[in-house]
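> Let me see the structure of the following:
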Amino acid sequence: MLFAATLWLLAACHTPAPAPYGPTPTPQQLAWQQMEMNMFVHFGPNTFTGLEWGTGEEPEDIFNPTDLNCMQWVETAKKAGFKGIILTAKHHDGFCLWPNPVSQHTVRECSWQDGKGDVLRELSDACANGGLAFGIYISPWDRHDPHYGTSAYNKVFLQTLESALTNYGPVFEQWFDGACGEGPNGKKQVYDWHAFFQKVTDLQPNAIMFSDIGPGCRWVGNEEGHAGLSCWSTMTIDGYTPSHSPSQDTLNSGDPQGRSWVPAETDVSLHKGWFYRDSEEPKSVEQLLDIYYTSVGRNSLLLLNVPPDTRGQIATKDSLRLMEFRTALDQIFTNNLAKDATAKANNTRGWGKRFSADNLLDSDYFSYWAPDDNQTTAEIVITMPEPRTFNRVMLQEYIPLGQRISAFEVDTQDESGEWHTVGKGGTIGYKRILRIPTCTSSKVRIRITASKACPILNGFGLYMDDILDSTL
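Residues are numbered from 1 along each chain as shown. Reported below is the predicted structural model:
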């Protein structure tokens, strides 16, 4: 018996993990996805003119925040649950929020702080002191620079990148807008995207690069705040550029046959516009919750724009709304109603704890359930000590080994033992949150009905949302 038990333990310990399937995230991409929510900050001359796209002809002195406080941005972001901040260091108007040495349209040329101001410096220092990641948006379109529309401009832009990416510490995300308009000489710029990407790689090798096609993360295809009902983190980007990207449907849903790992980022503004206007009110808590479910809850990262006002601070009404949003998220998701449940799968890889279904219920991201390699469908039953009432179901796929699942259903069991389907979906990815009708049950069944390789799950939760009464 002892010999048999020893053989059993040895076999359990030596059961190999599933091989990675298809494209997989880099460590930086995984860490980026785990941030879940970051803050976008649109700030510049447009804050003072009321325009969304500046002309590039605004006088430098138009930029004049009366009481800039980047630490206030950081403290607000942290309290709201954001993990990083991305600043529009240069928008389409060409004005630079730092003394860019290759531009004459910067904070150096304005009277604010006697031409010695540097918003990039103040924000990067505040992020470092406050424990938030620091990111930079730099638009390649420049409606001010006289070189724009000529071959000389690409060199200017490379020098602009070098200035921003070498003097302000680690940058977690470099945000490239693919906008391309007509220059002062009546010509559109042919961007050297290969050189731009290489410059970022050379100067900030750990930065995630955002554009319509990544390569670190992609635009979700809209600015309304929703990823596709099915959202793959994979996409084929060969032959495309940020100025010539796949269709918006492909950006929204990804490509299950995609050859690169390019997860979706959902950018949306707290207001109607991207730059601050006193006349615009922030979105309601209900709207923000809906956006959370259709972004983070659909395998995307949420980048929520919170524009500072003309003081250079986040307005009180916006800060209060963000705190209400944070309170709502905490109210819903702090208590996982399945935290003391047990889980049993109809197929488990090997023996013992290593690939057990109970791994779905622990807090260790790197522990997971996996079946045998030849299984592309599976069932897992979650059993709670007593019936519980919930209307949100959270699932997580272990993406370090690739995104695999393409269809699943969720059932609950009634008092007579009958199973009823309460929700279904396509992809899961890093995180999927299903909004289902409110139900009470002690047993929940996850049915993986289609997967490109053996499915792997590492997270499960049941929650009750009393705030937003909707299903999707």
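
> so where's this protein uncertain?
In the predicted model, the chain carries pLDDT under 70 at residues 1-13, 471-472.

> Domains in it, by residue range?
Split into domains by automatic domain parsing, the chain comes to 27-333, 342-463.

> so which of the ones you listed comes closest to Ala17?
Closest to Ala17 of the domains of the chain, according to C-beta to C-beta: domain 342-463, at 7.3 Å. For every residue, glycine as well, the C-beta is placed using N, CA and C.

> Can you give the distance of that closest one from its chain's centre?
On the basis of C-alpha atoms, centre = their mean, to the nearest Å, domain 342-463 sits 23 Å off its chain's mean C-alpha point.

> same question, stretch 129-149
Per C-alpha atoms, centre = their mean, the centroid offset for stretch 129-149 relative to its chain is 19 Å.

> So which bits of it are buried?
Buried residues in stretch 129-149, defined by neighbour count with 16 or more other C-beta atoms under 10 Å: 130, 132-145, 147-149.

> Send me that stretch as CSV with only the CA atoms.
Taking Å, rounded to 0.1, in the frame of the first residue of the first chain, the C-alpha atoms of stretch 129-149 are listed here in CSV:
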residue,chain,number,x,y,z
ASN,A,129,5.8,59.3,-4.9
GLY,A,130,2.2,58.0,-4.9
GLY,A,131,3.0,54.5,-6.2
LEU,A,132,1.1,54.7,-9.5
ALA,A,133,2.5,53.8,-13.0
PHE,A,134,3.2,56.6,-15.3
GLY,A,135,2.3,56.6,-19.0
ILE,A,136,2.6,59.1,-21.9
TYR,A,137,0.3,59.9,-24.9
ILE,A,138,2.1,61.6,-27.8
SER,A,139,0.1,62.2,-31.0
PRO,A,140,2.2,61.9,-34.2
TRP,A,141,-0.1,64.5,-35.8
ASP,A,142,1.2,68.0,-35.3
ARG,A,143,-0.9,70.9,-36.6
HIS,A,144,1.8,73.4,-35.6
ASP,A,145,5.2,72.0,-36.6
PRO,A,146,6.3,73.4,-40.0
HIS,A,147,8.1,70.1,-40.8
TYR,A,148,4.8,68.1,-40.7
GLY,A,149,4.0,66.6,-44.1
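
> for the stretch 251-400 of the chain, what spans make up the strands?
260-261, 264-269, 300-305, 342-345, 378-397 (DSSP state E, counting those that start in this stretch).

> Could I get those in CSV, plus columns for mean neighbour count?
Formatted as CSV, the strands of the stretch 251-400 of the chain follow (neighbours: other C-beta atoms under 10 Å):
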stretch, mean neighbour count
strand 260-261, 20
strand 264-269, 24
strand 300-305, 26
strand 342-345, 17
strand 378-397, 19
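
> Distance to Asn38 added to those, as JSON lines?
Shown next, in JSON lines, are the strands of the stretch 251-400 of the chain (distance: least, C-beta to C-beta, whole Å):
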{"stretch": "strand 260-261", "distance to Asn38": "19"}
{"stretch": "strand 264-269", "distance to Asn38": "9"}
{"stretch": "strand 300-305", "distance to Asn38": "5"}
{"stretch": "strand 342-345", "distance to Asn38": "32"}
{"stretch": "strand 378-397", "distance to Asn38": "19"}
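
> Point out the one among those that comes closest to Arg121.
Nearest of the strands of the stretch 251-400 of the chain (C-beta to C-beta): strand 300-305, 21.7 Å.

> Surely Cys70 and Val119 touch.
Yes - using C-beta atoms under 8 Å, Cys70 is in contact with Val119, at 7.3 Å.

> Show me the common contact partners of these two, please.
Shared contacts of Cys70 and Val119, defined by C-beta atoms under 8 Å, 6 or more residues apart in numbering, are absent.

> residues touching Leu120, list them.
Per C-beta under 8 Å, 6+ apart, neighbours of Leu120: Leu87, Ala89, Leu97, Trp98, Ile136, Ala164, Asn167, Tyr168.

> leaving aside the residues next to it on the chain, what's closest to the most centrally placed residue in the chain?
The residue lying closest to the centre of the chain (C-alpha atoms, centre = their mean) is Leu301, at 1.7 Å. Closest residue to Leu301 apart from its sequence neighbours, by C-beta to C-beta, 6 or more residues apart in numbering: Glu265 at 4.9 Å.

> mind checking how far that neighbour is from Asn185?
Using C-beta to C-beta, to the nearest Å, Glu265 is found at 34 Å from Asn185.

> now do Glu60
For Glu60, the distance to Asn185 - C-beta to C-beta - is 22 Å.

> Between the two, tell me which one has more neighbours.
Glu60 (18 against 10; other C-beta atoms under 10 Å).

> Hmm, Trp219 is touching Met235, no?
No - with contact defined as C-beta under 8 Å, Trp219 does not count as touching Met235 (10.9 Å).

> and the contacts of Leu120, which two are the farthest apart?
Leu87 and Asn167 (14.1 Å).

> Who has more neighbours out of those two?
More crowded of Leu87 and Asn167, by other C-beta under 10 Å: Leu87, with 28 against 13.

> Contact partners for the closest residue to that one other than its chain neighbours?
Nearest residue to Leu87, sequence neighbours excluded (C-beta to C-beta, 6+ apart): Val41, at 4.8 Å. Residues in contact with Val41, defined by C-beta under 8 Å, 6+ apart, are Trp73, Ile85, Ile86, Leu87, Thr88, Leu123, Asn305, Val306, Pro307, Pro308.

> Distance of Val41 relative to Pro371?
45 Å.

> To Pro215, which of the strands of the stretch 251-400 of the chain lies closest?
strand 260-261 (6.8 Å).

> The closest one - contacts with which helices or strands?
strand 234-235 (3 or more C-beta pairs under 8 Å, 6 or more residues apart in numbering; DSSP states H and E).

> Can you list the strands that the strand it packs on pairs with?
Paired strands of strand 234-235, with direction, are strand 260-261 (antiparallel) (DSSP bridges).

> and the partner strand, how far from the chain's centre?
Counting by C-alpha atoms, centre = their mean, strand 260-261 is centred 15 Å from the centre of its parent chain.

> any residues touching it, and which ones?
Counting by C-beta under 8 Å, 6+ apart, residues outside strand 260-261 touching it are Pro23, Thr24, Pro25, Thr26, Gln29, Gly214, Pro215, Ser233, Thr234, Met235, Thr236, Ile237.

> which of those lies closest to Lys155?
Taking C-beta to C-beta as the measure, Lys155 sits nearest to Pro215 out of the contacts of strand 260-261, at 22.3 Å.
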